[in-house]
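S.K.: Okay, sequence plus prediction incoming.
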Amino acid sequence: MPVTYLVVPQWQGSGSSRAMRLIDGAAAIGAELPSSALRITPPSGAGSALDSGILRLSSIQFVRDEMLAALHDAEETTVTIGGDCGVELAAVQHAAANHDLVLIWFDAHGDLNTPASSPSGSFGGMVLRTLLGDAPESIRPPRALTADRVILAGVRALDESESEYISASGITHLSPKILTPETLTAAIVTSGASSVYLHIDLDVLDPAEFSCVGSAEPFGLALVALLHLIAAARAVLPVAGVGITGFAPPTPDAAADDLTSILRILAAVSKKL
């Protein structure tokens, strides 16, 4: 099946001081994609919180609407390139409207805060909780995911409120210590879904192997391990969509160094989709 690539250099959802580097990261990846790739241009300014408790919400909403419009008639599997994790709001919403999916959240962070619990107010740290339906009405998806259709994979940096939510909701959490192709496969099967969405924030990787991210966390996954996990997920169920986010290179040379790893991830997720 053909693949629709969508490049979205959104930075307004990031809480990192390096957020603007996401623009360069998306451009570097986009330069490696087919000329048919779709591209969204976020607002140039930061945007307003609109009294929501979510920083730069007006820009987040603008990008969401532009993405949903771009994907409205897309029949192919979509691979979305961020930008920050907030781009997954529209990407997952689009996939969930057309597929019975389980969302695998390859990420160093849970992104499970709400405006009330977030220490930063940045949407990137709230996007998964938003997809689960806990968000202001203006940003809440019409069809929320349920906790039994989310798998946290490689998540290792959680705020206390996020840990409490995971325990209360029963979301499957496979930390790096217990994340293997076997445990991931079992969790996918248990979900009862008929397809998978692969969210891959590049900070899921260990910073010793991949450093061009905004908020690196130690003790992450090796690239080879991530590739094996992607293969394991694809061996169980077809892919409903993919998001790759968080590439924030400080210099063109640094981008070139880490781009090879990203291209291997792209090959792993998109080959023969």
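M.R.: Cool, the structure landed. Worth saying up front: this structure is predicted, and the values here are computed from it rather than measured. Numbering: from 1, shown residues only.
S.K.: just the helices in this structure please.
M.R.: For the chain, the helices identified by DSSP state H occupy 21-30, 57-71, 88-98, 127-131, 160-169, 181-191, 223-236, 252-270, in order along the chain.
S.K.: which other helices and strands contact the first one?
M.R.: Just to be clear, that refers to helix 21-30. Contact partners of helix 21-30 among helices and strands, from 3 or more C-beta pairs under 8 Å, 6 or more residues apart in numbering; DSSP states H and E: strand 3-7, strand 77-81, helix 252-270. No exception for glycine: its C-beta is placed from N, CA and C like everyone else's.
S.K.: So what touches it?
M.R.: Contacting residues not belonging to helix 21-30 are listed as 7-11, 14, 37, 39, 81-84, 212, 214, 244, 246-250, 252, 255-256, 259, 262, 266 [C-beta atoms under 8 Å, 6 or more residues apart in numbering].
S.K.: can we see that at 7 Å?
M.R.: Where contact means C-beta atoms under 7 Å, 6 or more residues apart in numbering, the residues beyond helix 21-30 that reach it are 7-9, 11, 14, 37, 39, 81-84, 212, 247-250, 255, 259, 262.
S.K.: again with the last one
M.R.: With contacts defined as C-beta under 7 Å, 6+ apart, helix 252-270 is touched by 3, 24-25, 28-29, 32, 79, 198, 200, 210, 212, 223, 226-227, 230-231, 239, 242, 244, 247, 249.
S.K.: Just want the angle from it to strand 77-81.
M.R.: Taking axes from the mean of the first three to the mean of the last three C-alpha atoms, to 10 degrees, helix 252-270 and strand 77-81 form an angle of 160 degrees between their directions.
S.K.: per-residue confidence averaged over helix 252-270?
M.R.: The average of the pLDDT scores along helix 252-270 is 96.
S.K.: what does the third one give?
M.R.: Helix 88-98 carries an average pLDDT of 97.
S.K.: Could you name the helices and strands sitting against that helix?
M.R.: Here helix 88-98 is seen to pack against helix 57-71, strand 77-81, helix 127-131, strand 195-201, strand 239-245 when contacts are counted using 3 or more C-beta pairs under 7 Å, 6 or more residues apart in numbering; DSSP states H and E.
S.K.: how far out from the middle of the chain is it?
M.R.: For helix 88-98, the gap between its own C-alpha mean and the chain's C-alpha mean amounts to 11 Å (C-alpha atoms, centre = their mean, to the nearest Å).
S.K.: so it versus strand 239-245, what angle?
M.R.: 180 degrees.
S.K.: hmm, who's touching helix 88-98?
M.R.: If you take C-beta under 7 Å, 6+ apart as the criterion, helix 88-98 is touched by 64, 67-68, 71, 78, 80, 101, 103, 127, 130-131, 141, 143, 145, 197, 199, 240-241, 243.
S.K.: Need the CA coordinates for it. CSV is fine.
M.R.: What follows is helix 88-98 as a C-alpha-only set of coordinates in CSV (Å, rounded to 0.1, in the frame of the first residue of the first chain):
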residue,chain,number,x,y,z
GLU,A,88,0.1,13.3,17.1
LEU,A,89,-3.2,14.9,18.2
ALA,A,90,-4.4,15.1,14.6
ALA,A,91,-2.4,12.1,13.2
VAL,A,92,-3.8,9.6,15.8
GLN,A,93,-7.2,11.1,15.6
HIS,A,94,-7.3,10.6,11.9
ALA,A,95,-6.0,7.0,12.2
ALA,A,96,-8.4,6.1,15.0
ALA,A,97,-11.4,7.3,12.9
ASN,A,98,-10.5,4.8,10.3
